[in-house]
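the following block contains a protein sequence and its predicted model.
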Amino acid sequence: MSGDRPQSRALRKVPRWVHWTVVPLLILVPVGYVIVSAEQSRDSGQNKEESAAATHLTWDWPTKAQRRIYQVPIPLDWTRKIAYLETNTWDTGVLYVQFQPTPGGLDTFLAQVGISRSALKSGAVTITPKQAKVPGWSFGPGHQWAGVSRTQHGDKPDHDITVDLTDPENPVVYVVSTINF
């Protein structure tokens, strides 16, 4: 019965062109993926580095993440002329935001922050000169300023809000949102 063993088939010889096609593809496709991925990562890092190195206001919307983290709910449909600057140290993150809402947009913003227009103290500039210096804001005389400071507990940001109500139809809101780590 020793002759009843199944015979093994001879392996079929693979054509040479298959080796010359498949082997390079197995090497080149992953290498190409790594190169493209590295370039995209590098570009992303440069954008983040430029944003982090900014020393002046950027005339654009803060990212959704920035608005969420710093709890600055800018009314989307009721706002124009938006600028922001984010600064960070090892223990503090600060988002400076300036925007021009409609009168209804101002009320919407204040409600989303958790206060009403009546909380604004007439004549008060709640953003300190030191804070105002960073983005280059000036809160001089000749304007109808109103402001409020809101301190929150835990990991929630503190808000210093100053509003220029000189033109009631075109108020300008200045916000300094500070997070202490």
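That came through, no problem. Numbers count the residues shown, from 1 in each chain.

contacts and neighbour counts: CA atoms only from here.
Will do.

what's the least confident helix or strand in this structure, going by average pLDDT?
None of the helices or strands of the chain scores lower by mean pLDDT, DSSP states H and E than helix 16-52, at a mean of 75.

next secondary structure after that one?
In the C-terminal direction, the helix or strand that comes right after helix 16-52 (DSSP states H and E) is helix 64-69.

after that next one, which helix or strand is next?
Taking DSSP H and E, what comes next after helix 64-69 is strand 79-88.

report the buried residues of whichever helix or strand comes after that next one.
Heading C-terminal from strand 79-88, the first helix or strand you meet, by DSSP H and E, is strand 92-101. Buried residues in strand 92-101, counted by 16 or more other C-alpha atoms under 10 Å: 93, 94, 95, 96, 97, 98, 99, 100, 101.

and the least confident helix or strand of the chain with strand 79-88, angle?
Counting by axes from the mean of the first three to the mean of the last three C-alpha atoms, to 10 degrees, helix 16-52 lies at 100 degrees to strand 79-88.

related to what we said a few turns ago, make a markdown table out of the buried residues of strand 92-101 and add distance to residue 111 and pLDDT.
Output for the buried residues of strand 92-101, formatted as a markdown table (distance: C-alpha to C-alpha, whole Å; pLDDT from 0 to 100):
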| residue | distance to residue 111 | pLDDT |
| --- | --- | --- |
| 93 | 24 | 94 |
| 94 | 21 | 97 |
| 95 | 19 | 97 |
| 96 | 19 | 97 |
| 97 | 17 | 97 |
| 98 | 17 | 96 |
| 99 | 16 | 96 |
| 100 | 16 | 95 |
| 101 | 13 | 94 |
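
what's the local residue count around residue 166?
14 (other C-alpha atoms under 10 Å).

grab the nearest non-local neighbour of it.
Closest residue to residue 166 apart from its sequence neighbours, by C-alpha to C-alpha, 6 or more residues apart in numbering: residue 144 at 4.8 Å.

same deal with residue 181?
In space, residue 181 is closest to residue 91, 5.0 Å off (C-alpha to C-alpha, 6+ apart).

quickly note the distance from the one you found to residue 60.
Plainly put, residue 91 is 26 Å away from residue 60 if you go by C-alpha to C-alpha, to the nearest Å.

can you tell me what sits against stretch 162-171?
With C-alpha atoms under 8 Å, 6 or more residues apart in numbering as the test, stretch 162-171 has contacts from 100-103, 106, 124-127, 143-148, 172-175.

one step back: thought the residue nearest to residue 166 was touching residue 125?
No. Using C-alpha atoms under 8 Å, residue 144 makes no contact with residue 125, being 9.8 Å away.

higher neighbour count, these two?
residue 125 (23 against 18).

shouldn't the more buried one be within a helix?
No. With DSSP: H, G, I helix; E, B strand; the rest coil as the criterion, residue 125 is located in coil rather than a helix.
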